[in-house]
Every structure is written in C-alpha cells, then in structure tokens.
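Q: no sequence on this one, just coordinates:
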C-alpha cells in the first residue's frame, strides 16, 4: 500500500511523540524535529508509510542517542498483556486468535492513539469485519511449518498464546533493531522462541532476504500481524494471512471499512 496524503499528518505527530519519548533535553528534541521535518520535505505518494516512519525513527535515534525510545512503553504494555492474559480463559485456538487480534490495539502508532471505552474482554466480543479465520484454522491444523510475522511488544504475549495451539514448527519473525514499539528478534528470543529471524534492515523496512525467502517458500502457512506489515508485505509475498485492526483513515479508505475494524484476511 502506497502512502496517502493524509499520512503526512500522522508522520508529523509521530515525530513529536517519538522525540518526547527519546529525550528530556529540549535542544535535542528541537534538533531532531527540525531534521525530521527536513526529511519529510521529500514526502511522496510512491513510498509506503512504513518507509517514512522508519526513516523518522532513524533520525531521532541518531540525534538523541536513544536507540530504543519506546522501551518503557514496550515494558509497560508487556506487563499489561501478561496480567490480562491471566484473567482470560483462553482454552481454544478460536479464543486465542480473538485475543491476539484484539491485542493489536496495544499500539502507539496510527494517526492517533486509539482510545477504547470498552474493556479488553468486551472488545473481544466484537464482530470481525472480514473473517477468514475458519480457513486459517484448517490450514494451521494441517501445517508442518508456519512463519509468523510479529508486530508490537505486549501484543506479542497474546500471539505466543495463539501459537501455543499450533503443532507445527514456527518461525518467529521480528525487527532486527528497535523500531517504534515493534518487538525485536532479541525480545522474541527472551520470550522463548528458538527459530527467530529478522524481517528488515536497520531502517526497519520490511524486506525478504534469501534466508527468509527460503523459509517462506517452505512454509505451509504464513501469518502476519499488524497494519504496518499489511502496508508492505503484500507487495513482497503472496498467500499471507493478515491479522490486524484498521487504525487510520488511509487504511479505512483503502479497505472501505471503518477505523477500529478487525481483519483476518488472506492475500
């Protein structure tokens, strides 16, 4: 999915938000904002939103010296997820998928921080707007190898619970280095995943290198979490199940579905 003119507003908000998380020093915030806005002068509709977002993060990290501005937020969201999952009675793959999908709302991206009045449990009862989960369950049941693209920290706790119902070998794919509140390869390893690969270079942009390509070709099922992955991965690979919540106006218009809608779709 290419950028939308409305993405410029989201990107500007991300600059301010990340700078304030990255450092308390006003002079560094100002420098980072100025450099990011200079970069955004090259904004166009040919690149994906993820490309511009990842470049912004790179600029801010270099100027502030903070390699992981969202670290505290990631730790807090993981704590929330661990407490929440203890409260939920997840005794089936169907409930596990619904919880993992609901957990995609644990995010600090999009054109705003989505605020829900409902509790997590109530959100799990919402109807899935596009739902190909039954087909996904059948493929998971038959699969010997599954490649799973992770999205955010915190959310990953619910993904792991979903994966616990898989009998297949799982290749866990995360970011090579910190990018927003996305989970990294090293963090996936700490969660207990053994077969872990990265899905991008140090800019955070999705890419398919030869090692990952080999695993994707050998996989019986490919699952991708999060809207950002949906923005980029369909242009790189076919036959992927996408699990995400629609979080912004451009995606809403692209899919003709309201913001906040949940998706389980194979493309």
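A: In hand now; what should we look at? Predicted, not measured: the structure shown is a model, and the values here were computed from it.

Q: Find the residue closest to the residue positioned nearest the centre of the chain in space, skipping its chain neighbours.
A: By C-alpha atoms, centre = their mean, the mean C-alpha position of the chain lies nearest to residue 151, the distance being 2.8 Å. Closest residue to residue 151 apart from its sequence neighbours, by C-beta to C-beta, 6 or more residues apart in numbering: residue 226 at 3.1 Å. In short, each C-beta sits where N, CA and C put it, glycine included.

Q: can you tell me which residues contact that neighbour?
A: 104, 149, 151-152, 155, 244 (C-beta atoms under 8 Å, 6 or more residues apart in numbering).

Q: For the host helix or strand of residue 217, which helices and strands make contact with it?
A: Assigned by DSSP states H and E, residue 217 belongs to helix 210-218. For helix 210-218, the packing partners by 3 or more C-beta pairs under 8 Å, 6 or more residues apart in numbering; DSSP states H and E come out as strand 145-149, strand 196-198.

Q: if you average pLDDT over each of the ones you listed, which comes out lowest?
A: Confidence, taken as mean pLDDT, is least for strand 196-198 of the helices and strands packed on helix 210-218 (a mean of 92).

Q: Please enumerate residues in contact with it?
A: Contacts of strand 196-198 (C-beta under 8 Å, 6+ apart): 171-176, 185, 188-189, 211-212, 215.

Q: the bottom helix or strand of the protein by mean pLDDT?
A: Ranked by mean pLDDT, DSSP states H and E, the helix or strand of the chain with the weakest confidence is helix 120-124, at a mean of 82.

Q: tell me which residues in that one are buried?
A: By 16 or more other C-beta atoms under 10 Å, the buried positions in helix 120-124 come out as 120, 123-124.

Q: so which of the residues you listed comes closest to residue 11?
A: Taking C-beta to C-beta as the measure, residue 123 is the one of the buried residues of helix 120-124 closest to residue 11, at 27.2 Å.

Q: I'd assumed residue 105 was in contact with that closest one.
A: Yes: when contacts are counted by C-beta atoms under 8 Å, residue 123 is listed as touching residue 105 (6.8 Å).

Q: Can you list the low-confidence ranges for the stretch 1-150 of the chain?
A: Within the stretch 1-150 of the chain, the segments meeting pLDDT under 70 span 107-118.

Q: same thing but 80
A: Within the stretch 1-150 of the chain, the stretches with pLDDT under 80 are 1, 106-119.

Q: ok, which stretches of the stretch 1-150 of the chain are strands?
A: Under the criterion DSSP state E, counting those that start in this stretch, the stretch 1-150 of the chain carries strands at the ranges 130-131, 145-149.

Q: Redo those as CSV? Include distance to residue 161 and mean neighbour count.
A: Below are the strands of the stretch 1-150 of the chain laid out as CSV (distance: least, C-beta to C-beta, whole Å; neighbours: other C-beta atoms under 10 Å):
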stretch, distance to residue 161, mean neighbour count
strand 130-131, 19, 14
strand 145-149, 12, 23
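
Q: quick one on the thing from earlier: out of the helices and strands packed on helix 210-218, which gets nearest to residue 135?
A: Closest among the helices and strands packed on helix 210-218, using C-beta to C-beta: strand 145-149, at 14.4 Å.
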